[in-house]
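Q: have a look at this prediction, sequence included:
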Amino acid sequence: SAEFNNIIPSSQITQIPLTKSTNLGSGTSVVKGPGFTGGDILRRTSPGQISTLRVNITAPLSQRYRVRIRYASTTNLQFHTSIDGRPINQGNFSATMSSGSNLQSGSFRTVGFTTPFNFSNGSSVFTLSAHVFNSGNEVYIDRIEFVPAEVTFEAEYDLERAQKAVNELFTSSNQIGLKTDVTDYHIDQVSNLVECLSDEFCLDEKKELSEKVKHAKRLSDERNLLQDPNFRGINRQLDRGWRGSTDITIQGGDDVFKENYVTLLGTFDECYPTYLYQKIDESKLKAYTRYQLRGYIEDSQDLEIYLIRYNAKHETVNVPGTGSLWPLSAPSPIGKCAHHSHHFSLDIDVGCTDLNEDLGVWVIFKIKTQDGHARLGNLEFLEEKPLVGEALARVKRAEKKWRDKREKLEWETNIVYKEAKESVDALFVNSQYDRLQADTNIAMIHAADKRVHSIREAYLPELSVIPGVNAAIFEELEGRIFTAFSLYDARNVIKNGDFNNGLSCWNVKGHVDVEEQNNHRSVLVVPEWEAEVSQEVRVCPGRGYILRVTAYKEGYGEGCVTIHEIENNTDELKFSNCVEEEVYPNNTVTCNDYTATQEEYEGTYTSRNRGYDGAYESNSSVPADYASAYEEKAYTDGRRDNPCESNRGYGDYTPLPAGYVTKELEYFPETDKVWIEIGETEGTFIVDSVELLLMEE
């Protein structure tokens, strides 16, 4: 608003309410404002002079201005302006509202004259008139504006640029549909462009353009098949929306992103990558159609992007940031009203759709390197075009090839599942899976678990937190393996008998070590005859127990594992170098017997399959606005192994080196405490595990 004396400077837009007029024309009245004009307004219902206004010019008289008028009218009309009686502008303007309707914010429009003028005197009288309309219509005037010509040129340029950008979002002038190549990120940038328009110069046009951009944003959301594209949350719902690792952060809009975006950091272990994924449901897809995933990457290194249906389309993307966009604390040189494009896109073809099979499309973002990182947003998955010609033939061929291999996989799975289930069932006494067989040992459980892990496609190799086609049967058997381990642990009364927790729970005399062998097994090493390791164990008097020890003796002498009570009732297992071929009456397994047992069970305990595939090819130097090639990974005849396999509570089980012996004896305690003692007479005694198992009643 102007000063009290209506001073007009040279460098800024001056807005003056016409209620500050010096004189009102005959027929002009002051009426109460509608509530959004900041005060009262002028009203006229017949042609004639609206008002005169005295203004004071502080700028040089050579300064040129343009006049703008904010008005509402039920009729087309013509505005005339003059300075000190000298006509300067006249122009025709259209009605803004219907006769009889109430004044709304949208009823007012700000219009201007293109011809600039200058004042002749430092104190001048400005006159505004309305003509060429029929009496009985209503004309309302809120304010006039004096705009320096230089400001007008810049503001008009910005307005024209914004109008062009908004109009180019749509397929037609009626704004029914968006152009296919208009991205969600681009709409946000156009919105920023509109927000940067001058409120003083083009408030009405700015509001109108803003409504159009909001409409474009709604159309963009409607065609986007991703759930929660604006990242309101991750892992909020189990079966829908975004799922991701715990180290992903959601951040609010900044100079680059208008809305929320996600930050993915690197990982110290490629078996535990940073990941973000979502499944596009089959019900949202059309048969024989190409779909496109696209978005905006501010900055990335080693970012892997996957689209998976019949096969995997894969890109590894490195997009350098502009200026110091990384780390997060660095200020961004990109202004909010500037447009900087790091767009990516990846397409995938869909063949026949099947709601029962619900194959869908998996969208995956992953980082598995320590130096990797990414900031991305405005993600879209949208229909691109129907498939015709060669593309249609190609997807039909890919679909048939996939189905043929899926049928082969089903045939193989039936065989493998039957063998694995028989192996698992043999561990238990009944189909309730609540009791182990009396002779079930740890090697049998590991062998059964290995057979369970021979089931293919339990998880996606691209990201093995995502269940595969055989996830249900794998988890079924794996759950029983867990039960077997739990039952086995429950009936073994010795704590830390496998030494995976070092010497915890054991009493030590002298010098002993717990070493990790090359096969990743922890073993107890007793290197001196005066050393001893022992543990007090509580037992049930009168019940039977089996003491089972797996150990290896180096050099001369004997290794001994003794079980005893306070008085008498002592028994022991003795181990010597196999070269001596000594036989102990209480032993149930000899050196050669154990070797045969290892071969039978193959002794390999592959830990539960929650790992991640680290064997993808990648393009390590993708430039900004990259054009990286994608990799298709079809289902193959060979097993899609994953080198990263992580524990779900148990240590890796791998075959013991030759020479280890498993021996066991039966023991019936007479009191509620027994002592287990480990020692040797000479050389080195290496113990893999000690078990004291309660016999089944």
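A: Here it is on my side, so go on. Numbering: from 1, shown residues only.
Q: which ones are touching G100?
A: Shown here is G100, whose contacts under the criterion Cβ atoms under 8 Å, 6 or more residues apart in numbering are T74. (Glycine included, C-beta is placed from N, CA and C.)
Q: apply 10 Å and report the result again.
A: With contact taken as Cβ atoms under 10 Å, 6 or more residues apart in numbering, G100 is in contact with 74, 138.
Q: let's verify it: helix, strand, or coil?
A: coil (DSSP: H, G, I helix; E, B strand; the rest coil).
Q: quick check: I676 is in a strand.
A: Yes: assessed by three-state DSSP, I676 belongs to a strand.
Q: nearest spatial neighbour of it, chain-adjacent residues omitted?
A: In space, and not counting its chain neighbours, I676 is closest to Q535: 5.0 Å by Cβ to Cβ, 6 or more residues apart in numbering.
Q: what number of residues lie near that neighbour?
A: Around Q535 there are 19 other residues, counting by other Cβ atoms under 10 Å.
Q: what do you get for D302?
A: D302: 22 neighbours (other Cβ under 10 Å).
Q: re the thing from before, from E677, how far out is the residue nearest to I676?
A: Using Cβ to Cβ, to the nearest Å, Q535 is found at 8 Å from E677.
Q: one more: T114?
A: Taken as Cβ to Cβ, the span from T114 to E677 is 105 Å.
Q: neighbour count winner among those two?
A: Taking neighbours as other Cβ under 10 Å, T114 and E677 compare with E677 leading, 17 against 9.
Q: surely T246 is within a helix?
A: No: under three-state DSSP, T246 falls outside any helix and is assigned coil.
Q: might one say that it is in contact with I234?
A: Yes: with contacts counted by Cβ atoms under 10 Å, T246 reaches I234, the gap being 9.0 Å.
Q: these two: who's more crowded?
A: Applying other Cβ under 10 Å to T246 and I234 shows that I234 carries more neighbours, namely 18 against 8.
Q: tell me the SS of the more buried one?
A: Here I234 is coil, with the state taken from three-state DSSP.
Q: ok, it - contacts?
A: By Cβ under 10 Å, 6+ apart, the residues touching I234 are 228, 241-246, 248-250, 262, 276, 278.
Q: tell me the buried residues within those.
A: Neighbour-count burial (16 or more other Cβ atoms under 10 Å) is assigned, among the contacts of I234, to 228, 241-245, 248, 250, 262, 276, 278.
Q: which SSE is the most centrally placed residue in the chain in?
A: Centroid-nearest residue in the chain: L276, 3.0 Å away (criterion: Cα atoms, centre = their mean). L276 is part of strand 274-280 when elements are defined by DSSP states H and E.
Q: and that strand, what does it pack against?
A: Using 3 or more Cβ pairs under 10 Å, 6 or more residues apart in numbering; DSSP states H and E, the elements in contact with strand 274-280 are strand 243-244, strand 261-265, strand 289-308, strand 361-367, strand 373-386, strand 463-467.
Q: can I get these in TSV with distance to E200?
A: Listed next are the helices and strands packed on strand 274-280 as TSV, based on distance: least, Cβ to Cβ, whole Å:
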stretch	distance to E200
strand 243-244	45
strand 261-265	32
strand 289-308	32
strand 361-367	44
strand 373-386	31
strand 463-467	53
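Q: weakest of the ones you listed by average pLDDT?
A: Of all the helices and strands packed on strand 274-280, mean pLDDT reaches its minimum on strand 463-467 (a mean of 89).
Q: in it, which residues are buried?
A: Neighbour-count burial for strand 463-467, counted by 16+ other Cβ under 10 Å, picks out 463-464, 466.
Q: which SS class is V55?
A: Under three-state DSSP, the three-state class of V55 is strand.
Q: distance of the closest residue to it other than its chain neighbours relative to E205?
A: In space, and not counting its chain neighbours, V55 is closest to N6: 4.5 Å by Cβ to Cβ, 6+ apart. Per Cβ to Cβ, N6 is found 25 Å from E205.
Q: surely K207 forms part of a helix?
A: Yes: counting by three-state DSSP, K207 is part of a helix.
Q: test my guess that D199 contacts K206.
A: Yes: with contact defined as Cβ under 10 Å, D199 counts as touching K206 (6.7 Å).
Q: okay, these two: which has more neighbours?
A: When D199 and K206 are compared for neighbours, K206 comes out ahead with 19 against 9, by other Cβ under 10 Å.
Q: list the buried residues of whichever strand or helix holds E160.
A: Assessed by DSSP H and E, E160 sits inside helix 149-167. Residues of helix 149-167 classed as buried: 151-152, 155-156, 158-159, 162-163, 165-166 (neighbour count, 16+ other Cβ under 10 Å).
Q: which of those lies closest to I144?
A: T152 (14.2 Å; Cβ to Cβ).
Q: follow-up on the earlier one: need the buried residues of strand 463-467 in JSON lines (columns: distance to A531).
A: Below are the buried residues of strand 463-467 laid out as JSON lines (distance: Cβ to Cβ, whole Å):
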{"residue": "L463", "distance to A531": "48"}
{"residue": "S464", "distance to A531": "44"}
{"residue": "I466", "distance to A531": "50"}
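Q: bridging residues for L77?
A: Beta-bridge partners recorded for L77 (DSSP bridges): F93.
Q: residues near R232, how many?
A: Neighbour count for R232, taken as other Cβ under 10 Å: 12.
Q: my bad, should have said S120
A: 11.
Q: residues in contact with it?
A: So S120 contacts 57, 61, 83-84, 86 (Cβ under 10 Å, 6+ apart).
Q: before we move on, back to that, and the pLDDT for the residue nearest to I676?
A: Taking Q535 on its own, its pLDDT is 96.
Q: again with L61
A: Note on L61: pLDDT of 89.
Q: surely it is in contact with F119?
A: Yes: if you go by Cβ under 10 Å, L61 and F119 touch, sitting 5.8 Å apart.
Q: before we move on, the earlier item: and the gap between the residue nearest to the centre of the chain and P669?
A: L276 is 56 Å from P669, by Cβ to Cβ.
Q: hang on, the earlier thing: look up the residues forming beta bridges with the residue nearest to the centre of the chain.
A: Here L276 shows beta-bridge partners G244, F365, assigned using DSSP bridges.
Q: on that earlier part again, please say which of L61 and F119 ends up with more neighbours.
A: The neighbour comparison of L61 against F119 (other Cβ under 10 Å) goes to F119, with 24 against 12.
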